[in-house]
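>>> Sequence first, predicted model second:
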Amino acid sequence: MDMHIKTTEQPTRPAQRRYPPGDLALWIFILAELSVFAVFFSAYAFTRAQHVELFSTYQATLDCNSALANTLVLITASFFVVRAVAAIQRDRSAETVRWLWLAVLMAGLFLLIKGHEYAHHLAAGVTLSTNTFYMFYLSLTFFHFMHVILGMLVLLVLAVRTRRGHYSAAEHTDIESGASYWHMVDLVWIVLFPLVYVMR
Amino acid sequence: MTNTRSAWIVYLLLSGLTLFTWGVARAGYSGLGVTLLVLGVALLKGQMIGDWFMSLRGLRGFWRWVIVLWLLLVGGLITAAFMIATGG
């Protein structure tokens, strides 16, 4: 009797990854940052619950058009960062540099628009001690503003290092880490925008 | 990795949902229902960023759900605060 062991080929699924793209240490840092923002958002919402009239009145003084522009600018920057990561994965360094520079440009535009908003408030005599709403508005948005500056610097360094040939399709962990950090900055603003400017 | 077509679709959806949120603000709508709708849209946008831009959708285990959990936590706390504010 012919004893053949018949083997049938099993369709293979690509193994699911366990860890996010980039350096895991950076993701721990992202988690810490997100936790801080979660506390900030909750403090804003629960303080608002005790001063609804005050918050609604002064929310109305904010420039919703600037906030819209800044949200679109951050989303666009994130899109450019996604394109940069996709480009380096295909070993297209020059293209990666272009997308990163465009993202840096968008980050700069965010800072300009937000800076203009701050200048307007300062000219109107608004400070941290004006009232509880402005204390939250200024500290929350400025904390985020600092993160945009850091994210912009990270993207800038990545653009320069990519141009100098530091990254390739085989090794681009730094770019993935920088991209993840930038998306975190975008994610926080996605919640901050409606919470501070829209929800009354 | 998010391919170019998916990135474009997510980008356009995020922009469209942002315009929707801005439209609600410009129209001057208020109240708990509108507030929760706007918050829900923000959480959906956050989920899209986590899944597609941060490339978490293909993972398994803790990291697959880390952004979802953060969004649920933040969304839950904000919802509770707004319900307390309206006496709901």
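Perfect, I can see it now. What you are looking at is a predicted structure, and each value in this text was computed from that prediction instead of being measured.
>>> Could you check the pLDDT of B:Gly76?
On the pLDDT scale, B:Gly76 is placed at 98.
>>> Next, count neighbours for it.
Using other Cβ atoms under 10 Å in any protein chain shown, B:Gly76 is surrounded by 12 other residues. Quick note: C-beta positions are derived from backbone N, CA and C, even for glycine.
>>> Quick check: phi and psi at the residue lying closest to A:Thr132 once chain neighbours are set aside.
In space, A:Thr132 comes closest to A:His51 once its chain neighbours are excluded; the distance is 5.8 Å by Cβ to Cβ, 6 or more residues apart in numbering or on different chains. Backbone torsions of A:His51, given as degrees, to the nearest 10, read phi -140, psi 50.
>>> what residues are up against B:Gly28?
For B:Gly28, the contact set (Cβ atoms under 8 Å, 6 or more residues apart in numbering or on different chains) is empty.
>>> Okay, and the closest residue to A:Phe110 other than its chain neighbours sits in which element?
Excluding the flanking residues, the one nearest A:Phe110 by Cβ to Cβ, 6+ apart is A:Val73, at 4.9 Å. Element membership of A:Val73 [criterion: DSSP states H and E] is helix A:64-89.
>>> what's the spacing between that helix and its chain's center?
Offset of helix A:64-89 from its chain centre (Cα atoms, centre = their mean, to the nearest Å): 9 Å.
>>> Pull out the buried residues from that helix.
By neighbour count on 16 or more other Cβ atoms under 10 Å in any protein chain shown, the buried set for helix A:64-89 is A:64, A:67-89.
>>> cool, stretch B:23-36 as well?
Residues of stretch B:23-36 classed as buried: B:Val24, B:Ala25, B:Val34, B:Thr35, B:Leu36 (neighbour count, 16+ other Cβ under 10 Å).
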